[in-house]
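Enquirer: Make a model of this:
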Amino acid sequence: MLHIVNQSPRASRTLHSCIRIARPGDALLLIEDAIYAATPGGALACGMDDAAQRLKVYVLRPDLEARGMAGRLIAGITAVDYEGFVDLVAEHPINQTWL
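Expert: Residues are numbered from 1 along each chain as shown. As a prediction, this is how the structure comes out:
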């Protein structure tokens, strides 16, 4: 399953809920303000370090760059472009967008 989260962990508990419910081996794509969870400061606040150990975690590169966070990803997280986003959706026929 692919989980897609767009809200900052500082503004919403959405990412916390997603991480709690996601199963080992699921994929998680962080977009828009959720990308902050993939940086050192944001990762500690939401448990992303642990989540990256059991989930395949991705971040949308254009959103990362737009927020000035390029090059600040924690270990275990992969940046993808829009084509990679489409590939993830095609690879995971079941997906959940967390609002």
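
Enquirer: Outside of the helix or strand of the chain with the lowest mean pLDDT itself, which residues are in contact with it?
Expert: Here the helix or strand of the chain ranked lowest by mean pLDDT, DSSP states H and E is helix 40-46, holding a mean of 76. Contacts to helix 40-46, defined as CB atoms under 8 Å, 6 or more residues apart in numbering, come from residues 8-10, 15-16, 19, 36-37, 48-49, 52, 72, 74. Every C-beta, even on glycine, is put in place using the N, C-alpha and C of the backbone.

Enquirer: Quick one, which of the residues you listed has the minimum pLDDT?
Expert: Least confident entry in these, by pLDDT: residue 49, with 80.

Enquirer: one step back: of the contacts of helix 40-46, buried ones?
Expert: Among these, those classed as buried by 16 or more other CB atoms under 10 Å are 8, 9, 15, 16, 19, 36, 37, 48, 52, 74.
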